[in-house]
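Engineer: Curious how this folds, go ahead:
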Amino acid sequence: MEKIALIDMDGTIADYDRRMTEELTKLLGPNESLEFGYGDDAPTHVKERQKLIKRQPGFWRNLPRLEAGFEIVDEIRSQGFELHVLTKGPQTTVSAWTEKVEWCHENIPDAAITITQDKSLVYGRILVDDWAPFFTGWLAHRPNGLVICVEHPWNKNIDHPQVLIYDGSIRSRALLRNAIYNAGR
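Structural biologist: Okay, the predicted model is just below:
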């Protein structure tokens, strides 16, 4: 079997949340704050603002890099894995698909790119992803697969024998190195 590592984009190597927060902040009314949250838990008017932001030309292409994700990518690369960016394409923002490819060409040019609606269909020994609803299906088809997550508030308490939460600490780096080595054997 080939040594393939699948790398999610948003929340893993691209800082979608930082950029979305910056853009939502620009649209706050005089008595509003972001304390109400955003994403799935956001009120309807905030979700509509998110849709507008994501449709703006350049939103996806200009996402900042998430350096913790690139630490993982560098370790995977150093252990001889072939890199494949595996990102979900938003159904309502088709232009995002092109911009995601452009972002990848700029930031991770040695990776193949797959945009999909279902990550569980794609083979790899390792999946680097931050969002449990996307990687649980993948794990269901890969009893020996490894998922590596950049630590975020929404995933830091995941407890699964095939999931490693990476926080950038010395201990986490050692665990990462060992887990990738074992996935490549």
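Engineer: Show me the protein divided up by domain.
Structural biologist: 4-15+63-183, 16-55 (automatic domain parsing).
Engineer: weakest of those domains in terms of mean pLDDT?
Structural biologist: Note on those: domain 16-55 shows the lowest mean pLDDT, a mean of 86.
Engineer: Would you map the helices across this structure?
Structural biologist: 16-26, 44-55, 67-78, 95-107, 132-141, 170-183 (DSSP state H).
Engineer: How many residues are close by residue 175?
Structural biologist: Neighbourhood size, residue 175 [other CB atoms under 10 Å]: 16. Any C-beta I mention is one placed from the backbone N, CA and C, and that applies to glycine too.
Engineer: for residue 34, same thing?
Structural biologist: 13.
Engineer: Most tightly packed of the domains of the chain?
Structural biologist: Ranked by mean neighbour count, the domains of the chain are led by domain 4-15+63-183 with a mean of 17 (mean count of other CB atoms under 10 Å).
Engineer: which one's the longest strand in this structure?
Structural biologist: strand 82-88 (DSSP state E).
Engineer: CA-only coordinates of that one in CSV, if you can.
Structural biologist: Coordinates of each C-alpha in strand 82-88 appear next as CSV, following Å, rounded to 0.1, in the frame of the first residue of the first chain:
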residue,chain,number,x,y,z
GLU,A,82,3.0,11.4,-0.5
LEU,A,83,0.9,14.5,0.3
HIS,A,84,-2.7,14.9,-0.9
VAL,A,85,-4.8,17.8,0.2
LEU,A,86,-8.3,16.5,0.8
THR,A,87,-10.8,19.4,1.3
LYS,A,88,-14.5,19.6,1.2
